[in-house]
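Undergrad: I would like the atomic coordinates for the input below:
(2 chains)
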2 protein chains.
Amino acid sequence: MTDEYFMQLALKQAEQAFEEDEIPIGAVVVQQHKVIARGYNMTEKLNDPTAHAEMIALTSAFGHLGAKYLPDATLYVTVEPCVMCAGALYWSKLSRVVWGASDPKNGFSRVQPGISPFHPKTAVTTGVLEAECAALMKAFFMNKR
Amino acid sequence: MTDEYFMQLALKQAEQAFEEDEIPIGAVVVQQHKVIARGYNMTEKLNDPTAHAEMIALTSAFGHLGAKYLPDATLYVTVEPCVMCAGALYWSKLSRVVWGASDPKNGFSRVQPGISPFHPKTAVTTGVLEAECAALMKAFFMNKR
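TA: Sure thing, here's the model as predicted:
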């Protein structure tokens, strides 16, 4: 199965967020070609600005595996992680992180230019289904203005 | 009530972590001179490397207030926040963050030298009960070696 396949599943999570009037970002955690955890942004529903898709998916993955680290897992997320989520991904020591659209406003790379916040063992892939991931964000914020 | 008073309460949380064989870091969130949330590091107990004292205390504070932001609150934490927690504090838009000991290994300032990860409205105070906060960490890691 391809990165595009799993990013489609992350997009489904993001669409669920959109339907619930949350900023539409979704994530899945994959290990051995199987989705082991999902998450979508729930900051409004939970009244918690830390309830990002990645945080929810990571905590679910730790719970599923009963393990504190994810050396064999890949996290797919529709939008570039923020500083907090990048820090959480560092702690998870996961094998790989893949995102779709960049986030020029809140992405870690804007705040930390030139610094990789991830664990040295974590590979990074960007731009997977970038247009679809970005379009969903754009549609959300168009509705808001 | 002084910063030292509230840092003592954060230290109590850290001591609880120590007793549970967790890296001894504790935090409290204070608003109008009252503690509205507490947290201590639970990464081992929860098998979750994101279960830091600050994350737990912040999420508890959002729940307590039913609010997504903490513009009138101060978070006291015994040790300098990591990148993830600094990012979470950014999202919380809290009034003030106070920590005791610096963390030359995992503190955000080592990873992001010269970059303030906090919200522009968040004031920062460091070094409150620094010796006590650092001594508890040192005692913990001495036990481990």
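Undergrad: Next up, phi/psi of the residue sitting nearest the centre point of chain A, please.
TA: Closest residue to the average C-alpha location of chain A: residue A:77 at 2.8 Å, with C-alpha atoms, centre = their mean. Residue A:77 adopts backbone torsions of phi -140, psi 140, taken as degrees, to the nearest 10.
Undergrad: what do you get for residue A:14?
TA: Main-chain torsions, residue A:14, degrees, to the nearest 10: phi -60, psi -40.
Undergrad: And residue A:35, by the same measure?
TA: Summarising the backbone geometry of residue A:35 under the convention degrees, to the nearest 10, its torsions are phi -70, psi 120.
Undergrad: which SS state does residue A:23 fall under?
TA: At residue A:23 the chain is in coil, as set by DSSP: H, G, I helix; E, B strand; the rest coil.
Undergrad: show me where chain A has strands.
TA: A:26-31, A:34-40, A:73-79, A:96-101, A:123-126 (DSSP state E).
Undergrad: can the ones you listed go into TSV with extra columns for distance to residue B:58 and mean pLDDT?
TA: No exception for glycine: its C-beta is placed from N, CA and C like everyone else's. Converted to TSV, these look like this (distance: least, C-beta to C-beta, whole Å; pLDDT from 0 to 100):
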stretch	distance to residue B:58	mean pLDDT
strand A:26-31	20	98
strand A:34-40	18	98
strand A:73-79	21	98
strand A:96-101	23	98
strand A:123-126	27	96
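Undergrad: Looking at these, spot the one closest to residue B:91.
TA: Proximity to residue B:91, assessed across the strands of chain A by C-beta to C-beta, is greatest for strand A:73-79 (15.0 Å).
Undergrad: by contact count, what packs against the closest one?
TA: If you count contacts as 3 or more C-beta pairs under 8 Å, 6 or more residues apart in numbering or on different chains; DSSP states H and E, strand A:73-79 packs onto helix A:3-19, strand A:26-31, helix A:53-65, helix A:83-92, strand A:96-101, helix A:130-144.
Undergrad: If we go by neighbour counts, what in the second one is buried?
TA: Neighbour-count burial for strand A:26-31 flags A:26, A:27, A:28, A:29, A:30, A:31 (criterion: 16 or more other C-beta atoms under 10 Å in any protein chain shown).
Undergrad: and the nearest residue to the fifth one once chain neighbours are set aside, bridged to which residues?
TA: Looking back up the chat, that one is residue A:30. For residue A:30, ignoring the flanking residues on the chain, the nearest one in space by C-beta to C-beta, 6 or more residues apart in numbering or on different chains is residue A:74 at 4.9 Å. When bridges are called by DSSP bridges, residue A:74 pairs up with residue A:30, residue A:96.
Undergrad: Hmm, residue A:74 is touching residue A:29, no?
TA: Yes. Under the criterion of C-beta atoms under 8 Å, residue A:74 is in contact with residue A:29, at a separation of 7.2 Å.
Undergrad: Could you check how far the residue nearest to the centre of chain A is from chain B?
TA: Remark: distance between residue A:77 and chain B (C-beta to the nearest C-beta, to the nearest Å) = 15 Å.
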